[in-house]
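Enquirer: coordinates for the following, if possible.
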Amino acid sequence: MKKRYSIPLSVIAIMIILNVIARLCRPFADFYVTKIFPYISSAISFVTGLLPFSLGEMLTVTAIALVIIGVPLLLILLIFRRGKRLKTAACAGTLTVWILCYIVTTETMNCFIMYQCTPLAEKYFPDAHEHTDEEITQLYGILIDKCNELAVQVPRDENDQFVLTCDFQTEAKTAMKRAGIIYSQLNGYYPNAKPIQFSYFMSQTDTTGIYLPYTLEANYNDDMVRTNLPSTVCHELSHLKGIIQEDEANFLSFIATTGSDNIEFQYSGYLDALEYVDIAVCRNDIGPALELTGSISQEVRNDWFRFLPETYWEDNSEKEIIPTEAVSEASTTFIDTNIKMNGREEGIRTYSLMVNLLLDYYFQ
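Expert: Numbers count the residues shown, from 1 in each chain. Presented below is the predicted three-dimensional model:
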């Protein structure tokens with residue numbers, strides 16, 4: 001085979017082998033994430049961080065355009081370039097193989113291997129026990145009290161809803177580095193998180209943030225209510241440190257935001273945790289905990305479970321190309337399948353398993 005095929009195919013084969021080794025040998029995955037990946041992440045995220053826009057988003061848009069425009073164009077060329085069909089097909093094949101090589105390499109090195117690491121709970125809460133309804137009720141009460149306390153101290157608008165006024169980029173990086181004092185994997189360089197230009201599409205997928213392994217960028221939905229921004233940005237920044245499991249990223253975001261000196265970050269972190277615990281309480285119908293919902297202040301109720309502005313869908317109806325319900329369903333299926341393929345049977349439910357880590361943290 002010619003080099004233009006043999007080189008990328010060889011790299012793909014190496015990546016497949018690394019994936020197999022990581023699945024079979026956890027110490028290899030741990031070594032890679034703690035000793036090798038930090039250098040890769042810091043170097044690449046520094047370079048991509050120099051760009052004012054999300055390079056990963058631009059590559060994604062380019063890929064979509066390449067499929068929409070490139071495939072019909074290739075078919076036309078194959079029809080009309082009779083004497084050069086083989087050369088045309090060879091060029092298209094080369095481009096496809098190299099793109100596949102890039103995707104497989106970046107997904108393996110910046111994502112897939114991390115799924116095989118030692119779970120955070122095993123490293124920091126080795127003596128964790130089976131938690132009781134009484135403990136989750138206590139946790140629920142603790143979070144309610146903290147949110148009630150902070151809700152009256154943060155800035156609010158004319159609708160009595162929380163508004164973010166701090167420099168969230170600087171504060172997020174400071175908060176993550178502070179959390180790194182205890183959770184050492186969080187140490188190191190952090191770039192600014194980047195807003196997604198096509199945030200409407202992210203809203204359709206019910207997504208607040210996204211980590212792009214092929215450019216090592218932390219991105220956020222620029223249309224969402226700013227209440228979610230501190231916890232979302234810290235969540236995505238934790239992915240840059242090899243924390244790929246969603247429940248672990250949620251938990252470390254909680255540690256970073258609530259450990260911040262900034263009261264707005266603290267409130268965002270506690271409120272995010274309260275929402276997850278509230279869902280767990282309702283899903284498991286924990287009676288004593290449900291009785292505590294009456295103690296949630298009006299200020300907190302004005303802020304929690306707010307993802308988008310109230311009139312968002314009406315104000316942006318002209319942007320809908322694909323029905324939101326279809327996009328949301330496809331996104332959920334993709335995320336669920338991706339997580340399961342990487343060894344987590346819970347699939348998309350891993351986000352809510354943050355509650356288990358909170359219980360381990362509070363009731364060690």
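Enquirer: what is the neighbour count of residue 128?
Expert: When counting by other Cβ atoms under 10 Å, one arrives at 16 neighbours for residue 128. For glycine as for every other residue, the C-beta is placed from the backbone atoms N, C-alpha and C.
Enquirer: can you tell me the closest non-neighbouring residue to it?
Expert: In space, not counting the residues next to it along the chain, residue 128 is nearest to residue 360; the distance is 4.4 Å by Cβ to Cβ, 6 or more residues apart in numbering.
Enquirer: remind me which residues of the stretch 201-350 of the chain are low pLDDT?
Expert: 334-335, 338-339, 342-350 (pLDDT under 70).
Enquirer: related to what we said a few turns ago, name the helices or strands packed onto the helix or strand containing the residue nearest to residue 128?
Expert: Using DSSP states H and E, the element containing residue 360 is helix 354-362. Applying 3 or more Cβ pairs under 8 Å, 6 or more residues apart in numbering; DSSP states H and E, we find helix 354-362 packed against helix 120-124, helix 133-151, helix 246-258, helix 263-283.
Enquirer: and the angle from the third one to helix 133-151?
Expert: With axes from the mean of the first three to the mean of the last three Cα atoms, to 10 degrees as the basis, helix 246-258 and helix 133-151 are set at 40 degrees to each other.
Enquirer: again with the last one
Expert: Here helix 263-283 points in a direction 150 degrees away from that of helix 133-151 (the same axes, to 10 degrees).
Enquirer: show me what counts as buried in helix 263-283.
Expert: When burial is assessed from 16 or more other Cβ atoms under 10 Å, helix 263-283 yields the following buried residues: 264-278, 280-281.
Enquirer: restricting to C-alpha, output it in PDB.
Expert: Output in PDB follows, covering the C-alpha atoms of helix 263-283 (Å, rounded to 0.1, in the frame of the first residue of the first chain):
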ATOM      1  CA  ILE A 263     -20.100  33.900  46.600                       C
ATOM      2  CA  GLU A 264     -21.600  33.700  43.200                       C
ATOM      3  CA  PHE A 265     -19.600  30.600  42.400                       C
ATOM      4  CA  GLN A 266     -20.500  29.100  45.700                       C
ATOM      5  CA  TYR A 267     -24.200  29.600  45.000                       C
ATOM      6  CA  SER A 268     -24.000  28.100  41.500                       C
ATOM      7  CA  GLY A 269     -22.200  25.000  42.800                       C
ATOM      8  CA  TYR A 270     -24.600  24.400  45.700                       C
ATOM      9  CA  LEU A 271     -27.600  25.000  43.500                       C
ATOM     10  CA  ASP A 272     -26.400  22.600  40.900                       C
ATOM     11  CA  ALA A 273     -25.800  19.900  43.500                       C
ATOM     12  CA  LEU A 274     -29.200  20.600  45.100                       C
ATOM     13  CA  GLU A 275     -30.900  20.000  41.800                       C
ATOM     14  CA  TYR A 276     -29.300  16.600  41.300                       C
ATOM     15  CA  VAL A 277     -30.100  15.500  44.900                       C
ATOM     16  CA  ASP A 278     -33.700  16.700  44.500                       C
ATOM     17  CA  ILE A 279     -34.100  14.500  41.400                       C
ATOM     18  CA  ALA A 280     -32.700  11.600  43.300                       C
ATOM     19  CA  VAL A 281     -35.000  12.200  46.300                       C
ATOM     20  CA  CYS A 282     -38.100  12.400  44.000                       C
ATOM     21  CA  ARG A 283     -37.000   9.400  41.900                       C
END
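Enquirer: pull the residues that contact whichever helix or strand comes after it.
Expert: Downstream of helix 263-283, the first helix or strand assigned by DSSP H and E is helix 287-290. Outside helix 287-290, the residues within contact range by Cβ atoms under 8 Å, 6 or more residues apart in numbering are 133-134, 136-137, 140-141, 281-282.
Enquirer: and helix 287-290, what's buried?
Expert: Within helix 287-290, the residues that qualify as buried are residue 289, counting by 16+ other Cβ under 10 Å.
Enquirer: please compute how far that helix lies from its chain's middle.
Expert: Mean-position distance between helix 287-290 and its chain equals 31 Å (Cα atoms, centre = their mean, to the nearest Å).
Enquirer: tell me the contacts of the residue nearest to residue 293 when sequence neighbours are not counted?
Expert: Counting by Cβ to Cβ, 6+ apart, residue 293 lies nearest to residue 278, which is 7.6 Å off, once chain neighbours are set aside. When contacts are counted by Cβ under 8 Å, 6+ apart, residue 278 is found next to 140, 293, 304.
Enquirer: roughly how far does the last one sit from residue 272?
Expert: What that stands for is residue 304. 9 Å (Cβ to Cβ, to the nearest Å).
Enquirer: can I see the domain layout of this protein?
Expert: Recorded structural domains for the chain (assignment: automatic domain parsing) are 3-116, 121-362.
Enquirer: once you drop chain neighbours, what's closest to residue 359?
Expert: residue 131 (4.3 Å).
Enquirer: specify the residue positioned farthest from the middle of the protein.
Expert: Among residues of the chain, the one most distant from the C-alpha centroid is residue 83; the distance is 48.6 Å, by Cα atoms, centre = their mean.
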